[in-house]
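In: No sequence on hand, only this structure:
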Ligand code: FPP
């Protein structure tokens, strides 16, 4: 959800205002995703690298996550969305983790749309954590293959990613779902996240649908 800071800067507003606007666009987008038949959507809300930001911004973001959970989770639950947390649990403020776990419990029985919130998430951290857990389980090296490895990722049921949407014109992967994006298609737009609309989301889906995916074949 990139470009919140720049969106605010262009309006002479504090960066927090950009993050708030970033939350405001979520509901219409999730509705559009549901209508379009998308089954899984992952939102990259906070990376393992985002702790490097000024303490005041990190605090603002953590407060915003809590507030967003309080406001949006009941609404998402009513719409049948299943919320899942994706990331390193250690290091997150207790209240944020509790809110995420509560949202997971509340929505566990829903099946219209799976929404993963990547928070304190890093693709490399996820791979390292999987390797550690496998070693702790004493998995013999000869038993390790791609399928087995994937079972040790944070959420083994995250399907392979079809489409990555990158806002604000960044041409980087930024440590996002490194394992799962092996064959993902990319849609990059100059639009800043707070301006990203359901119409543009549909445009991204149409662009995806028009591509031919060879996955290494011909
Ligand atoms: C990146 O833009 C955005 C973030 C680090 C925070 C995104 C989080 C939200 C919008 C809150 C959503 C909450 C949930 C629980 C889904 P940036 O600050 O890097 O912008 P810039 O690149 O313009 O500086």
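Out: Everything's here; your move. All of these numbers come straight from a predicted model, not from anything done at the bench. Numbers count the residues shown, from 1 in each chain.

In: From now on I want contacts and neighbour counts done on CA atoms only, so please keep to that.
Out: Noted.

In: and the most centrally placed residue in the chain, helix, strand or coil?
Out: Central residue check for the chain by Cα atoms, centre = their mean: the C-alpha nearest the mean position is that of residue 43, 2.5 Å away. At residue 43 the chain is in strand, as set by DSSP: H, G, I helix; E, B strand; the rest coil.

In: Could I get the contacting residues of it?
Out: By Cα atoms under 8 Å, 6 or more residues apart in numbering, residue 43 lies in contact with 1, 115, 116, 117, 118.

In: Which secondary structure elements does the host helix or strand of residue 31 sit against?
Out: Counting by DSSP states H and E, the secondary-structure element that holds residue 31 is helix 26-36. The elements that helix 26-36 packs onto, with contact taken as 3 or more Cα pairs under 8 Å, 6 or more residues apart in numbering; DSSP states H and E, are helix 198-209.

In: go again using 10 Å as the cut-off
Out: Using 3 or more Cα pairs under 10 Å, 6 or more residues apart in numbering; DSSP states H and E, the elements in contact with helix 26-36 are strand 40-47, helix 55-78, strand 113-121, helix 198-209.

In: From the chain's centroid, how far away is that helix?
Out: Distance, stretch centre to chain centre, for helix 26-36: 15 Å (Cα atoms, centre = their mean, to the nearest Å).

In: So which bits of that helix are buried?
Out: Neighbour-count burial for helix 26-36 flags 26, 29, 30, 32, 33, 34 (criterion: 16 or more other Cα atoms under 10 Å).

In: I'd like to know how far residue 216 sits from the ligand.
Out: Going from residue 216 to the ligand by Cα to the nearest ligand atom, to the nearest Å gives 32 Å.

In: Can you tell me how far the residue lying farthest from the centre of the chain is from residue 127?
Out: No residue in the chain sits farther from the centre than residue 142, which is 32.5 Å out by Cα atoms, centre = their mean. Relative to residue 127, residue 142 is positioned 18 Å away (criterion: Cα to Cα, to the nearest Å).

In: Residue 81 now?
Out: 27 Å.

In: which one of those two has more residues nearby?
Out: Neighbours around residue 81 and residue 127, counted as other Cα atoms under 10 Å, are more numerous at residue 81. The numbers are 24 against 19.

In: what bridges to that one?
Out: residue 113 (DSSP bridges).

In: Verify the stated contact: residue 134 with residue 145.
Out: No - because the distance of 11.6 Å does not satisfy Cα atoms under 10 Å, residue 134 is recorded as not touching residue 145.

In: Please say which of the two ends up with more neighbours.
Out: Using other Cα under 10 Å as the criterion, residue 134 and residue 145 rank with residue 134 on top: 19 against 9.

In: Now do the same contact list for the more buried one.
Out: 128, 140, 141, 144, 148, 149, 151, 152, 153 (Cα atoms under 10 Å, 6 or more residues apart in numbering).

In: Are we agreed that it is in a helix?
Out: Yes - assessed with three-state DSSP, residue 134 lies in a helix.

In: doesn't residue 29 make contact with residue 201?
Out: Yes - contact status for residue 201 versus residue 29: in contact at 7.4 Å, counting by Cα under 10 Å.

In: Thanks a lot, see you next time.
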